[in-house]
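Colleague: please work out how this folds:
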Amino acid sequence: MKKVIYTKNAPKAIGPYSQAILSNNTLYTSGQIAINPISGDLIMDSITNETHQVMKNLQAVLEAAEMNFSHVLKCTIFLKDMSQYSDINSVYAEYFDENPPAREAVQVSVLPKNVNVEISLIAHKL
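Modeller: Take a look at the predicted model:
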């Protein structure tokens, strides 16, 4: 069974995809970028603020599926510049203070809307 997860507290999809899909208590999110869901503006004044907005968007999607960051099994971080890794990692760590999930961080040449970071995750709820 597949259930589409949608919340107005995270940005609307900017293409033909869902914010997340829930299947057998496992949540698969699409990548989130730093779009403020209320204003629609990109938050790119600093890499830390950008990363916080990404994490807030992911949190909103998790909450729409009745989950939180403790349910996250795996994250994928796409970043435009590996030199920003430590700043992104510092913000990310604030959301996973205990038993962090498995993860990879991959530098890419370009991301949607020319942002600096995009993060997706997989979560599971028993």
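Colleague: got a list of what residue 67 touches?
Modeller: 27, 123, 125 (Cβ atoms under 8 Å, 6 or more residues apart in numbering). C-beta coordinates here come from the backbone N, C-alpha and C atoms, glycine included.
Colleague: now that we have these, which of them are buried?
Modeller: Among the contacts of residue 67, the ones that count as buried by 16 or more other Cβ atoms under 10 Å are 27, 123.
Colleague: so where do the helices sit in this structure?
Modeller: Taking DSSP state H as the test, the helices found in the chain are 47-64, 85-95.
Colleague: which one of these lies closest to residue 103?
Modeller: Of all the helices of the chain, helix 85-95 sits nearest to residue 103, with 8.3 Å by Cβ to Cβ.
Colleague: what comes into contact with the closest one?
Modeller: So helix 85-95 is in contact with 47-48, 51-52, 55, 59, 69, 75, 77, 79, 100, 105, 117, 119, going by Cβ under 8 Å, 6+ apart.
Colleague: most neighbours out of these, which is it?
Modeller: residue 117 (28 neighbours; other Cβ atoms under 10 Å).
Colleague: burial of residue 30, as a residue count?
Modeller: 19.
Colleague: can you map out the strands along this protein?
Modeller: Counting by DSSP state E, residue ranges of the strands within the chain are 3-5, 20-23, 26-29, 72-79, 102-107, 117-124.
Colleague: out of these, which one sits most buried?
Modeller: Most buried of the strands of the chain, by mean neighbour count (mean count of other Cβ atoms under 10 Å): strand 117-124, with a mean of 22.
Colleague: can you give me how far that one is from the chain middle?
Modeller: 5 Å (Cα atoms, centre = their mean, to the nearest Å).
Colleague: again, but for stretch 88-99
Modeller: Taking Cα atoms, centre = their mean, one finds stretch 88-99 lying 13 Å from the centre of the chain it belongs to.
Colleague: with stretch 93-105 instead?
Modeller: With Cα atoms, centre = their mean, you get 12 Å for stretch 93-105.
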